[in-house]
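Student: missing the sequence, but the structure's below:
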Ligand SMILES: Nc1ncnc2c1ncn2[C@@H]1O[C@H](COP(=O)(O)OP(=O)(O)OP(=O)(O)O)[C@@H](O)[C@H]1O
């Protein structure tokens, strides 16, 4: 993604939701995107899919998928890519499932629409995938409707359906949030195993830094519609540069923690349409100095391709000004 901008337009005017967003993901890698509720994570992945809700418009930038600009494709061309080459798992368990068709029929429809195969083969493939998602009694699920399944089961069926099409890129919005923690851990392992097998690239959106830390190769941190930090997982987790990332990391519970109360981030995220001047995090930032509010922070990158958008980063101490997205990602 190069300099992507997204707005929601409504009766009250237009709000810029995603601003100046640069990101890159290599083949077979996982990019985790974290940020508070409302920071624009879902909007970002819906923009990639061309599935923004009514009023949502991409007003600038490019979204390249294997060199092809997705924003220049016709609706029909994008529809052909969606599902088959770019798969998706939505936040609401089962939102992608049709309530009036049995699960098995939905697998057959999807598989036969994208791959020429006999129904029997589609059925076997669906049953195998449901079993891989650790669903008990795949045969029974195959003949069930989505309303007969629990939230966690629906979410696992959705993941199985997305992966059955063997997409090159999978966009996953909170894929494990409807699952209890033990199943969550199993699902993460299973998704990682399938990613290895299918050589899929994943963009994983989550509130849960633990899930992202386990699955991602690179991490992007969003705040107020901007990417304030991104880079290799080890750099972002062990050497966070942005005060917001530091605050997010310090609010994760740790087993060796002595304090019972976790530190929280004071204040509220900014409201779109009422963005503070300069750095949007400055009203809540424990490290803010006088220039942070009026002055837009620069973007800096170090030798590991680790980008931080903060005025306090000092150029020359291993940091240089952030170049174009492609150069920064080393592609
Ligand atoms: N359909 C819409 N119309 C207008 N504004 C919207 C719409 N959907 C989202 N927004 C605005 O965009 C902002 C970003 O929403 P988005 O769902 O992308 O955030 P998020 O980081 O994914 O949040 P969450 O983690 O709660 O899903 C919201 O705060 C809201 O103000």
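Tutor: The structure has been received and is ready for your questions. Bear in mind that the values here come from a model prediction, so they are computed numbers and not experimental data.
Student: helix/strand/coil for the residue nearest the centre of the chain?
Tutor: Residue closest to the average C-alpha location in the chain (C-alpha atoms, centre = their mean): residue 205, at 2.7 Å. With DSSP: H, G, I helix; E, B strand; the rest coil as the basis, the three-state label of residue 205 is strand.
Student: If you drop the residues flanking it in sequence, what lies closest to it?
Tutor: Nearest residue to residue 205 in three dimensions, chain neighbours excluded: residue 41, at 4.3 Å (C-beta to C-beta, 6 or more residues apart in numbering). Heads up, the C-betas are built off the backbone N, CA and C, glycines and all.
Student: Then residue 206?
Tutor: Per C-beta to C-beta, 6+ apart, closest to residue 206 is residue 212, 5.2 Å.
Student: I'd assumed residue 203 was in contact with that neighbour.
Tutor: No: if you go by C-beta atoms under 8 Å, residue 212 and residue 203 don't touch, sitting 11.0 Å apart.
Student: which residues do the two both contact?
Tutor: Shared contacts of residue 212 and residue 203 (C-beta atoms under 8 Å, 6 or more residues apart in numbering): residue 33.
Student: Which residues of the stretch 201-331 of the chain lie near the ligand?
Tutor: Proximity of the stretch 201-331 of the chain to the ligand (C-beta under 6 Å from any ligand atom) is limited to residues 207, 272.
Student: Can you list the residue ranges for strands in the stretch 201-331 of the chain?
Tutor: Counting by DSSP state E, counting those that start in this stretch, the stretch 201-331 of the chain has strands at residues 201-206, 218-223, 226-232, 299-301, 307-309, 320-321.
Student: export the ones you listed to TSV and tack on distance to residue 88?
Tutor: Compiled in TSV, those are given as follows (distance: least, C-beta to C-beta, whole Å):
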stretch	distance to residue 88
strand 201-206	10
strand 218-223	18
strand 226-232	20
strand 299-301	29
strand 307-309	26
strand 320-321	35
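Student: tell me the most buried of the ones you listed?
Tutor: Each of those was scored by mean neighbour count; the highest is strand 307-309, a mean of 27, by mean count of other C-beta atoms under 10 Å.
Student: by contact count, what packs against that strand?
Tutor: Under the contact criterion of 3 or more C-beta pairs under 8 Å, 6 or more residues apart in numbering; DSSP states H and E, strand 307-309 touches strand 226-232, strand 299-301.
Student: Those strands: which one's closest to residue 13?
Tutor: strand 226-232 (20.0 Å; C-beta to C-beta).
Student: Other residues contacting the closest one?
Tutor: With C-beta under 8 Å, 6+ apart as the contact definition, strand 226-232 has outside contacts at 18-23, 217-222, 236, 240-242, 244-245, 280-281, 302, 304-310.
Student: switch the cut-off to 7 Å
Tutor: 19-21, 23, 217-221, 236, 240-242, 244-245, 280-281, 304-309 (C-beta atoms under 7 Å, 6 or more residues apart in numbering).
Student: re the thing from before, what's around the residue nearest to residue 206, how many residues?
Tutor: Counted with other C-beta atoms under 10 Å, the neighbours of residue 212 add up to 24.
Student: hang on, isn't it packed against residue 31?
Tutor: No: contact status for residue 212 versus residue 31: not in contact, 9.3 Å apart, counting by C-beta atoms under 7 Å.
Student: buried set for the biggest helix by length in the chain?
Tutor: The longest helix of the chain (DSSP state H) is helix 181-198. With burial defined by 16 or more other C-beta atoms under 10 Å, the residues of helix 181-198 counted as buried are 183, 184, 187, 188, 190, 191, 194, 195.
Student: Tell me the confidence at the third one?
Tutor: Right, the one you point to is residue 187. In this model, residue 187 is scored at 78, pLDDT.
Student: tell me the contacts of it?
Tutor: Applying C-beta under 7 Å, 6+ apart, one finds that residue 187 lies in contact with 156, 176, 179.
Student: how much space between the closest residue to residue 44 other than its chain neighbours and residue 109?
Tutor: Using C-beta to C-beta, 6+ apart and skipping residues adjacent in sequence, the residue nearest residue 44 is residue 18, 5.9 Å away. Distance from residue 18 to residue 109, counting by C-beta to C-beta, to the nearest Å: 33 Å.
Student: Next, count neighbours for residue 64.
Tutor: Using other C-beta under 10 Å, residue 64 has 14 other residues around it.
Student: Need phi/psi at it.
Tutor: Backbone torsions of residue 64, given as degrees, to the nearest 10, read phi -100, psi 130.
Student: ok, what's across the strand from it?
Tutor: residue 69 (DSSP bridges).
Student: All further residue positions should be reported with the first residue as 283.
Tutor: Taking 283 as the first residue, the last one we looked at is residue 346.
Student: Which pLDDT does the model give it?
Tutor: Looking at residue 346, its pLDDT reads 95.
Student: Nice, that's everything, thank you.
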